[in-house]
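Q: got a predicted structure here, sequence first:
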Amino acid sequence: MSEGLHICKALAVMFKESDEMTEEAINFVAMTALQVGLSEQENSEVQQALKEGGDYKSSLKSIESKTGRGLFLRRMLAAVLLDEEISEKEQGLIDQALQTFDVSLQQGAELIAWTRVGLDVEKKLVSLLAKV
């Protein structure tokens, strides 16, 4: 199994557990799958995880490389912040990922803060480009 598959399945399980399974969430996972180059078979596995969920902690543990963990955290935080709010359930899922990846709560808070900044910059850029 590729690390990209592990990342996408963990995102799918995270969305399922957070009760945030929307069309936007499905598209978010699909975009991630495209970015990491999943095969057709791997995409089928991700679709199954989107429907059925799974064991979030096991999904996190399957992401072994530092690069993979960083990509997962980046995508997860961006996904959670799509609606600009972090629910209690989402915070619990974030905390679980941070703990699994041995990231301190302080580092996690910094990651969240900088993800917010990045998303704000992205929104501003889109707004400016819309005027061009």
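A: Arrived safely.
Q: for the protein, which spans come out with low pLDDT?
A: 1 (pLDDT under 70).
Q: 80 - rerun?
A: Within the chain, the ranges that satisfy pLDDT under 80 run 1, 20-21.
Q: so what's the residue nearest to the spatial centre of it up against?
A: In the chain, the residue lying closest to the centroid (Cα atoms, centre = their mean) is Met76, at 2.3 Å. Counting by Cβ atoms under 8 Å, 6 or more residues apart in numbering, Met76 makes contact with Ala10, Leu11, Met14, Leu93, Ile94, Ala97. From N, CA and C alone the C-beta is placed, and that goes for glycine too.
Q: dump the residues you listed to JSON lines, plus secondary structure.
A: Putting those into JSON lines (DSSP: H, G, I helix; E, B strand; the rest coil) gives the following:
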{"residue": "Ala10", "secondary structure": "helix"}
{"residue": "Leu11", "secondary structure": "helix"}
{"residue": "Met14", "secondary structure": "helix"}
{"residue": "Leu93", "secondary structure": "helix"}
{"residue": "Ile94", "secondary structure": "helix"}
{"residue": "Ala97", "secondary structure": "helix"}
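Q: out of the residues you listed, which comes closest to Glu110?
A: Ile94 (12.6 Å; Cβ to Cβ).
Q: which residues in the protein form helices?
A: For the chain, the helices defined by DSSP state H cover 3-17, 23-36, 40-52, 56-61, 66-80, 88-100, 105-130.
Q: next, the angle helix 66-80 makes with the second one.
A: Here helix 23-36 points in a direction 160 degrees away from that of helix 66-80 (axes from the mean of the first three to the mean of the last three Cα atoms, to 10 degrees).
Q: contacting residues around helix 23-36?
A: Helix 23-36 has contacts (Cβ under 8 Å, 6+ apart) with 2-5, 7-8, 11-12, 15, 42-43, 46, 50, 71, 75, 78-79, 82.
Q: now the buried members of these.
A: Among those, those buried by neighbour count (16 or more other Cβ atoms under 10 Å) are 3-5, 7-8, 11-12, 15, 42-43, 46, 50, 71, 75, 78-79.
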